[in-house]
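Trainee: turn this into a model:
(one chain, ligands or ions: 1)
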Amino acid sequence: HLQEEHYTRLKNRKTARLEFYTDVVSGLTASPKALKSKYFYDAEGDALFQRIMQCPEYYLTDCELEILSHQTDAIASAIQASTDAFNVVELGPGDASKSSYLLKELLNRDVDYTYMPIDISHNVLSLLQTTLPEQLPGLRMQGFEGDYLEMLKETEQKGRRRLVMFMGSSIGNVPPQGAVAFCRELYNHLLPGDVMLIGFDLKKNPMVILDAYNDSQGITRAFNLNLLKRINRELGGDFNLDHFAHYPTYDPHTGSCKSYLVSRRQQQVHIGPNAIRFAEGEPVFMEISQKYSLEEIDNLAVESGFVPLQHFVDSKRWFVDVLWQR
Ligand code: AVI
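Mentor: Just a heads-up that it's a prediction; the model follows:
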C-alpha cells in the first residue's frame, strides 16, 4: 500500500512538472506574455508568502484574523442557525491559524464535526496532522490531498451538511469572470443546505492596496521574481533576475490589482530548447488580486446560485468573510 502511494506521488509529480513546463512555454510565447500565479508556491514561494503576511503593508491577513478572532461567536451562531449536523471543509488551510478560532469555538459548543482540510500539498496536510490535534484537543480530522473541486466530492457524508471555508482572499487570484465560474463549480459540487465561508478583500483607498503589493522591504518583488528562479531550477531556464523589474498596479475603478514583471532590456531567455524573446519594457503578467465591493460580492453569490446570508467585516471595513448557502 505504501509503495503504491509512493508510486502515485511520483507519477503525480511528473505530470505536474510537464504541466508546469507547457503552461510556462505557452504563456511566454503568447502575446501578451503571462505566467500563472498558482506556480508561485514552491517551498521558497511558500516561505516568501509567509513573510509577505508579516509585512506591515499587507493588511489582509490581520484584517481576516481580526474577523475570525473577534466575531467567532457571531460566525458560529450564524452557521448553526443555517444548518444542522455538518462537517467543516477547508480549501487551502495553510497553517489553519484563521480557521482554528472557529474550530475551537465549535468544539466549545460541543458541535460534533470532522475537520476536512483539502490541499494539493502533502506537506501542508501532514504538518496540520501533527500541530492541530495538539492545539485543539478532541478535534476529529481527516485531510484530503488533491484538487479542491475533485476532493470536495470525497467530503460528502450521508446525513451531514458541509461548511466549506475558503479564506485569505484566494478567490481574488482569479479574474472576476473566473470567480463566477469557480463559484458555479463549487455550487455544483455541493448539496442543498451546504454553506460557504469565503474571504474577500474589499475595495478601499487605492494607495493602501497598492502599498500592500509593493512592500518597502521588497518581499513581494522577490515573491514574483521567485517564479523565474523556479523556472530556471525546475525547467532548465536561464533567466537573469536582475533583468526584470516588479511592476504592481491597481485600478480603483475595476478593483483589479495586477502585477507584472517588466523586461529591463531587449533579451533572449532559454527554457530547455525554447528561445524566448523579450523587447525592452515588455511586461509579463504575473498575478491578479481582485478587490470587491460588498454589493459585487452579493451579486457573485446570486450569479453562481448561492443565497448570501451574512457579511462579517473587520473594524476598518477593509476585508469581509461572507456566509453563503447553497
Ligand atoms: C494568496 N493571495 C490571496 C495573495 C494575494 O493577496 O493575492 C497572494 C499575494 N500576492 C502578492 N502578495 C500576496
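
Trainee: who does the helix or strand containing F200 pair up with?
Mentor: Using DSSP states H and E, F200 sits in strand 195-201. Using DSSP bridges, the strands paired with strand 195-201 are strand 161-166 (parallel), strand 319-325 (antiparallel).

Trainee: export these as JSON lines, with columns for distance to the ligand, mean pLDDT and mean neighbour count.
Mentor: Glycine gets a C-beta too; all of them are placed from N, C-alpha and C. Formatted as JSON lines, the strands paired with strand 195-201 follow (distance: least, CB to the nearest ligand atom, whole Å; pLDDT from 0 to 100; neighbours: other CB atoms under 10 Å):
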{"stretch": "strand 161-166", "distance to the ligand": "11", "mean pLDDT": "98", "mean neighbour count": "24"}
{"stretch": "strand 319-325", "distance to the ligand": "11", "mean pLDDT": "98", "mean neighbour count": "23"}
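
Trainee: Serialize those to CSV and add fields for distance to L2.
Mentor: Below are the strands paired with strand 195-201 laid out as CSV (distance: least, CB to CB, whole Å):
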stretch, distance to L2
strand 161-166, 30
strand 319-325, 39
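
Trainee: closest point of the stretch 201-326 of the chain to the ligand, which residue?
Mentor: Shortest the stretch 201-326 of the chain-to-the ligand distance, computed as CB to the nearest ligand atom: residue-wise this is S289, at 3.4 Å.

Trainee: pLDDT on the helix or strand hosting that residue, on average?
Mentor: Per DSSP H and E, S289 falls inside strand 283-290. Averaging pLDDT along strand 283-290 yields 98.

Trainee: quick one: the helices in the protein?
Mentor: In chain order, the chain shows helices spanning 2-29, 43-54, 60-70, 72-82, 99-108, 122-135, 148-154, 176-189, 206-212, 219-235, 294-303, with DSSP state H as the criterion.

Trainee: pLDDT at N188, what is it?
Mentor: Reported pLDDT at N188 in the predicted model: 97.

Trainee: ignore what I typed, I meant E234.
Mentor: With respect to pLDDT, E234 scores 96.

Trainee: quick one: residues contacting it.
Mentor: Under the criterion of CB atoms under 8 Å, 6 or more residues apart in numbering, the neighbours of E234 are 17, 20, 42.

Trainee: show me what from the stretch 201-326 of the chain comes close to the ligand.
Mentor: Applying the criterion CB under 6 Å from any ligand atom, the portion of the stretch 201-326 of the chain that neighbours the ligand consists of 213, 220, 223, 287, 289.

Trainee: run through the bridge partners of the fourth one.
Mentor: E287 has the following beta-bridge partners by DSSP bridges: S259.

Trainee: need the contact list for it.
Mentor: The neighbourhood of E287, defined by CB under 8 Å, 6+ apart, consists of 37, 40, 173, 224, 258-259.

Trainee: burial check on the closest residue to V25 other than its chain neighbours, number of neighbours?
Mentor: Excluding the flanking residues, the one nearest V25 by CB to CB, 6 or more residues apart in numbering is N274, at 5.4 Å. N274 is surrounded by 15 other residues when neighbours are defined as other CB atoms under 10 Å.

Trainee: what of the one 3 residues further on?
Mentor: By the measure other CB under 10 Å, the count of residues near R277 is 12.

Trainee: also P133?
Mentor: 14.

Trainee: over to Y39?
Mentor: Under the neighbour criterion other CB under 10 Å, Y39 is assigned a count of 19.

Trainee: tell me the pLDDT at the spatially closest residue to N232 that is not a sequence neighbour?
Mentor: Spatially, and ignoring its direct neighbours in sequence, N232 is nearest to F239 (5.4 Å; CB to CB, 6+ apart). Confidence at F239, expressed as pLDDT, is 98.

Trainee: and F239, how many neighbours?
Mentor: If we define neighbours as other CB under 10 Å, then F239 has 21 of them.

Trainee: circling back: okay, the helices of the chain in CSV with distance to E280 next?
Mentor: CSV is the format used below for these (distance: least, CB to CB, whole Å):
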stretch, distance to E280
helix 2-29, 16
helix 43-54, 27
helix 60-70, 34
helix 72-82, 51
helix 99-108, 46
helix 122-135, 40
helix 148-154, 40
helix 176-189, 31
helix 206-212, 24
helix 219-235, 17
helix 294-303, 37
